[in-house]
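Novice: A predicted structure for the sequence below; I have some questions about it.
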Amino acid sequence: MPAPSPAPAAPLKTRDPRLDVFRGLCLVMIFINHVPGNIYEGATSRNFGFSDAAEGFVLMSGIAAGLAYSADFREASMRLWTGLARVWRRVWTLYLVHILATFAALAAAAAVALWLGNAESLFENQMKWVWLDPLRTLIGLVILTHQFGYVNILPLYLVLLAFAPILLFLAWRWPLWLLAGSVALWLVAGIWRLGPPNYPTSGVWFFNPLTWQVIFVTGLVTGVALKEGRRLVPVRRWLQVATGLFLLYAALSVQIPAVSKLTGNSLWLLRETFNLPWNLTAFDKTYVTGPRLLHILALAYFLSSFPAVRRACAHPLAAPFELLGRQALPVFALGSVLCIGLQGVKHVTGEDILADSLILAGGLAAQFALAAARQYWPKPPKIS
């Protein structure tokens, strides 16, 4: 029998600044990492743990979706149809933004080739298939089976959001069963390497929805819990200590070769001794393997469990990142297009600290300007 309807949720009184601030920080780090070879790459989160900003961005997107859309799926009423309309309207917006960003990124690479005389970017990030197999590739771009590198996180998000109505309905009623099913799907998809196929090339999506869903669903259930005014996982000192020690070890493992070797040998020994599935001990981004998944969950718990982090996110110094996080979709789309063009610029400039600084500063300034315009530009009056 279904679980009884939950008690009415206590409305959130204020917007939690942590969600927007950390989403903004993820956008900055994603942009920096997407201009490979710059001197600032070493300061981003992927150099201090097993996961990177992409996992954090997807987790917080799930939390945001849970907060924004969950109320419509709380009761089995006509609000379900309103919720479906709201979610799928957003999915359509995401699709349009992705298509625009895809062809704008292609234009950015073409501009570098035309005006700077360097065509390398036209053959990187899966763009070469536009020239090698144009007819099939154009079809693949439209149906999302072919995605350019660095512009490929929106297809993941829109596919996951398309299923959010079902997930939110379950999250209100059977959250633990939903999480268990999500983990089971993650495990099976990883073991058998299942995922949506690429077309016209081989393999599966780089951001595989069948495995990345476990991060999104965790965020979604967390958002539903926050909607009720509670934490999904209570604050416990032993959990803070355990997650803190794990995060410290992960940082040392990434930074120190001897610790990295110890980690690799230990995971290999576990896999061989207990005959564990490969995706529990490997390091693979497409299948969000065990160490990556454990790291992002530990990081999320650790940061969310200290009141000082919330106070820091509410400080005026964090306001620029909060602004980026509030306007995540247009900022991410612009950053994705810029990074393709700036990769081409970097092919021309080479290793140059001044050029790297100007390239990244200019790109980030454009994203902040777009976010500010979206947030503060006067809205036109509605015509009655």
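Specialist: It's in.

Novice: low-confidence regions, the stretch 51-200 of the chain specifically.
Specialist: In the prediction, the stretch 51-200 of the chain carries residues with pLDDT under 70 at positions 78.

Novice: the helices in the stretch 251-384 of the chain, which residues?
Specialist: If you assign secondary structure with DSSP state H, counting those that start in this stretch, the helices in the stretch 251-384 of the chain sit at 257-274, 290-304, 307-313, 319-326, 328-349, 353-376.

Novice: dump the ones you listed into a markdown table; add distance to R15 and mean pLDDT as well.
Specialist: No exception for glycine: its C-beta is placed from N, CA and C like everyone else's. As requested, the helices of the stretch 251-384 of the chain are arranged in a markdown table below (distance: least, Cβ to Cβ, whole Å; pLDDT from 0 to 100):
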| stretch | distance to R15 | mean pLDDT |
| --- | --- | --- |
| helix 257-274 | 39 | 95 |
| helix 290-304 | 15 | 97 |
| helix 307-313 | 11 | 96 |
| helix 319-326 | 9 | 96 |
| helix 328-349 | 14 | 95 |
| helix 353-376 | 13 | 95 |
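
Novice: could you export those helices to a markdown table, including columns for distance to W129 and mean neighbour count?
Specialist: Written out in a markdown table, the entries for the helices of the stretch 251-384 of the chain read as follows (distance: least, Cβ to Cβ, whole Å; neighbours: other Cβ atoms under 10 Å):
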| stretch | distance to W129 | mean neighbour count |
| --- | --- | --- |
| helix 257-274 | 34 | 12 |
| helix 290-304 | 28 | 21 |
| helix 307-313 | 42 | 13 |
| helix 319-326 | 32 | 21 |
| helix 328-349 | 15 | 22 |
| helix 353-376 | 26 | 15 |
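
Novice: just put those in a markdown table and tack on distance to L132.
Specialist: Below are the helices of the stretch 251-384 of the chain laid out as a markdown table (distance: least, Cβ to Cβ, whole Å):
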| stretch | distance to L132 |
| --- | --- |
| helix 257-274 | 36 |
| helix 290-304 | 32 |
| helix 307-313 | 46 |
| helix 319-326 | 36 |
| helix 328-349 | 18 |
| helix 353-376 | 29 |
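
Novice: closest one to G24 among these?
Specialist: Across those, G24 has its closest neighbour in helix 319-326 (3.4 Å, Cβ to Cβ).

Novice: now do that closest one: distance to the chain's middle.
Specialist: Taking the mean of its C-alpha atoms, helix 319-326 sits 16 Å from the chain's own mean (Cα atoms, centre = their mean, to the nearest Å).

Novice: now the helix or strand hosting L80: buried residues?
Specialist: Counting by DSSP states H and E, the secondary-structure element that holds L80 is helix 79-115. By 16 or more other Cβ atoms under 10 Å, the buried positions in helix 79-115 come out as 80, 83, 87, 90-91, 94-95, 97-98, 101-102, 104-106, 108-110, 112-113.

Novice: for V58, find the nearest of the helices of the stretch 251-384 of the chain.
Specialist: Taking those one by one with Cβ to Cβ, helix 290-304 is closest: 8.6 Å.

Novice: what residues does the closest one touch?
Specialist: Helix 290-304 is contacted by residues 18, 22, 49-51, 55-56, 59, 186, 214-215, 218, 231, 233, 239-240, 243-244, 246-247, 250, 267, 279-285, 309 when judged by Cβ atoms under 8 Å, 6 or more residues apart in numbering.

Novice: ok, back up a step: out of the helices of the stretch 251-384 of the chain, which gets nearest to L135?
Specialist: helix 328-349 (22.5 Å).

Novice: using PDB, write out every CA atom in that closest one.
Specialist: Taking Å, rounded to 0.1, in the frame of the first residue of the first chain, the C-alpha atoms of helix 328-349 are listed here in PDB:
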ATOM      1  CA  ALA A 328      23.100  29.600 -14.100                       C
ATOM      2  CA  LEU A 329      21.500  28.700 -17.500                       C
ATOM      3  CA  PRO A 330      22.500  31.800 -19.600                       C
ATOM      4  CA  VAL A 331      25.800  32.000 -17.800                       C
ATOM      5  CA  PHE A 332      26.700  28.400 -18.500                       C
ATOM      6  CA  ALA A 333      25.600  28.700 -22.200                       C
ATOM      7  CA  LEU A 334      27.700  31.800 -22.700                       C
ATOM      8  CA  GLY A 335      30.700  30.300 -20.900                       C
ATOM      9  CA  SER A 336      30.400  27.100 -23.100                       C
ATOM     10  CA  VAL A 337      30.500  29.200 -26.300                       C
ATOM     11  CA  LEU A 338      33.300  31.400 -25.000                       C
ATOM     12  CA  CYS A 339      35.500  28.500 -23.900                       C
ATOM     13  CA  ILE A 340      35.400  27.000 -27.400                       C
ATOM     14  CA  GLY A 341      36.600  30.300 -28.900                       C
ATOM     15  CA  LEU A 342      39.100  30.900 -26.200                       C
ATOM     16  CA  GLN A 343      40.600  27.500 -26.700                       C
ATOM     17  CA  GLY A 344      41.400  28.600 -30.200                       C
ATOM     18  CA  VAL A 345      42.900  31.800 -29.000                       C
ATOM     19  CA  LYS A 346      45.100  29.900 -26.600                       C
ATOM     20  CA  HIS A 347      46.300  27.700 -29.400                       C
ATOM     21  CA  VAL A 348      47.700  31.000 -30.900                       C
ATOM     22  CA  THR A 349      49.000  32.600 -27.600                       C
END
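
Novice: so what does it touch, helix or strand wise?
Specialist: If you count contacts as 3 or more Cβ pairs under 8 Å, 6 or more residues apart in numbering; DSSP states H and E, helix 328-349 packs onto helix 17-33, helix 79-115, helix 153-162, helix 353-376.

Novice: re earlier: out of the helices of the stretch 251-384 of the chain, flag the one nearest T137.
Specialist: Distance to T137, taken as Cβ to Cβ, is lowest for helix 328-349 among these, at 16.2 Å.

Novice: how about the nearest residue to A105, chain neighbours excluded?
Specialist: The spatially closest residue to A105, leaving aside those adjacent along the chain, is I340, at 4.2 Å (Cβ to Cβ, 6 or more residues apart in numbering).
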